[in-house]
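Engineer: The sequence isn't on hand, but the structure is:
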């Protein structure tokens with residue numbers, strides 16, 4: 001036996017036969033929907049009206065939604081999924097939880113808000129017209145002629161000992177390998193005031209891949225056991241095709257979202273120059 005109010009069983013929608021009221025009014029037959037009160041439904045409806053989520057609960061809900069979206073992504077669709085309507089919020093979540101490299105974030109943020117740049121030991125900022133070396137200016141205008149380089153084009157000169165310079169000189173074997181591949185030409189002086197290009201690998205040099213991608217080595221010279229030159233790149237983004245590797249696909253998606261921002265005029269492309277000196281031994 002149950003005491004107190006018992007839960008009423010829902011009768012759904014049913015037909016009510018016609019009848020005559022006490023005052024003689026005739027009521028025709030009609031369809032009626034169950035009017036019983038159901039505790040769960042009433043409580044839920046009431047909660048929707050009266051309960052307001054806290055900021056922490058909203059953040060949890062967002063994170064849960066993002067994780068569900070990520071879990072539902074396939075290798076083939078991850079890039080498209082990050083560059084459609086959910087691009088901004090999902091990219092921001094991935095940026096926090098996939099640990100995008102610091103160096104990439106520094107130079108991406110610089111492009112995103114170039115007017116708020118600040119001078120530090122990592123970079124020196126100039127305009128193209130301020131470059132003193134005429135040969136270097138000629139090379140840049142010719143190499144990046146499609147980018148319509150002007151006197152006001154921003155130039156970022158990366159300083160020795162900065163994180164990006166260290167990634168290039170200390171933490172990567174790529175530049176050393178390229179020097180070895182051209183060592184005869186270098187020592188013969190063929191590479192002086194000349195250039196050759198190469199690309200970084202996403203798995204081996206993530207920072208350099210995301211920040212520079214394909215770049216040029218310009219004016220590589222050899223003198224008394226010392227190699228000197230400069231890595232030159234035009235910091236912009238080009239669309240990348242699908243990758244079957246999830247990590248690579250996420251990087252590509254971040255890159256492709258930057259392409260969209262670039263097309264919308266939300267990024268400032270700039271010339272990036274990294275002078276270097278490498279001792280032969």
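Structural biologist: Arrived safely. Since this is a predicted model, take the numbers as computed values, not measurements.

Engineer: any idea of the mean pLDDT in stretch 149-164?
Structural biologist: Stretch 149-164 carries an average pLDDT of 94.

Engineer: start to end distance for that stretch?
Structural biologist: For stretch 149-164, the first-to-last residue distance is 24 Å (CA to CA, to the nearest Å).

Engineer: What are the contacting residues of it?
Structural biologist: The contact list for stretch 149-164, computed with CB atoms under 8 Å, 6 or more residues apart in numbering, reads 102-103, 106-107, 110, 114, 121-131, 140-141, 147, 165, 207, 211, 235, 268-277. (Each C-beta comes from the backbone N, C-alpha and C, glycine too.)

Engineer: Would you map the strands across the stretch 101-250 of the chain?
Structural biologist: 123-127, 154-158, 195-199, 214-223, 226-235 (DSSP state E, counting those that start in this stretch).

Engineer: Turn the ones you listed into TSV, including mean neighbour count and distance to residue 251.
Structural biologist: Listed next are the strands of the stretch 101-250 of the chain as TSV, based on neighbours: other CB atoms under 10 Å; distance: least, CB to CB, whole Å:
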stretch	mean neighbour count	distance to residue 251
strand 123-127	16	23
strand 154-158	20	21
strand 195-199	15	14
strand 214-223	19	15
strand 226-235	19	16
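
Engineer: quick revisit: narrow the contacts of stretch 149-164 to those that are buried.
Structural biologist: 103, 106-107, 110, 122-123, 126, 128, 131, 140, 165, 207, 211, 235, 268-276 (16 or more other CB atoms under 10 Å).

Engineer: picking up where we left off before, so for residue 247, which of the strands of the stretch 101-250 of the chain sits nearest?
Structural biologist: Residue 247 lies closest, by CB to CB, to one member of the strands of the stretch 101-250 of the chain: strand 195-199, at 17.5 Å.

Engineer: who wins for proximity to residue 250 among the strands of the stretch 101-250 of the chain?
Structural biologist: Of the strands of the stretch 101-250 of the chain, the one closest to residue 250 (CB to CB) turns out to be strand 195-199, at 19.0 Å.

Engineer: between the closest one and strand 226-235, what angle do the directions make?
Structural biologist: Per axes from the mean of the first three to the mean of the last three CA atoms, to 10 degrees, the angle that strand 195-199 makes with strand 226-235 is 60 degrees.

Engineer: Mind checking the pLDDT average for strand 195-199?
Structural biologist: 92.

Engineer: Next: stretch 173-181.
Structural biologist: On average, stretch 173-181 scores 92.

Engineer: got the buried residues for it?
Structural biologist: Within stretch 173-181, the residues scored as buried using 16+ other CB under 10 Å are 174-175, 178-179.

Engineer: can you list these in CSV and add distance to residue 221?
Structural biologist: Shown next, in CSV, are the buried residues of stretch 173-181 (distance: CB to CB, whole Å):
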residue, distance to residue 221
174, 19
175, 15
178, 14
179, 11
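
Engineer: Just these: which are in helices?
Structural biologist: Among the buried residues of stretch 173-181, DSSP state H puts 174-175, 178-179 in helices.

Engineer: check contacts around residue 124.
Structural biologist: Residues near residue 124 by CB under 8 Å, 6+ apart: 156-157, 159.

Engineer: Give me the below-cutoff pLDDT ranges for the stretch 101-250 of the chain.
Structural biologist: Applying pLDDT under 70 to the stretch 101-250 of the chain flags residues 246.

Engineer: can you pull out the helices in it?
Structural biologist: 102-112, 134-143, 163-169, 174-181, 183-187, 206-211, 246-263 (DSSP state H, counting those that start in this stretch).

Engineer: name the helices or strands packed onto the first one?
Structural biologist: Other elements packing on helix 102-112 under the criterion 3 or more CB pairs under 8 Å, 6 or more residues apart in numbering; DSSP states H and E are helix 163-169, helix 206-211, strand 270-279.
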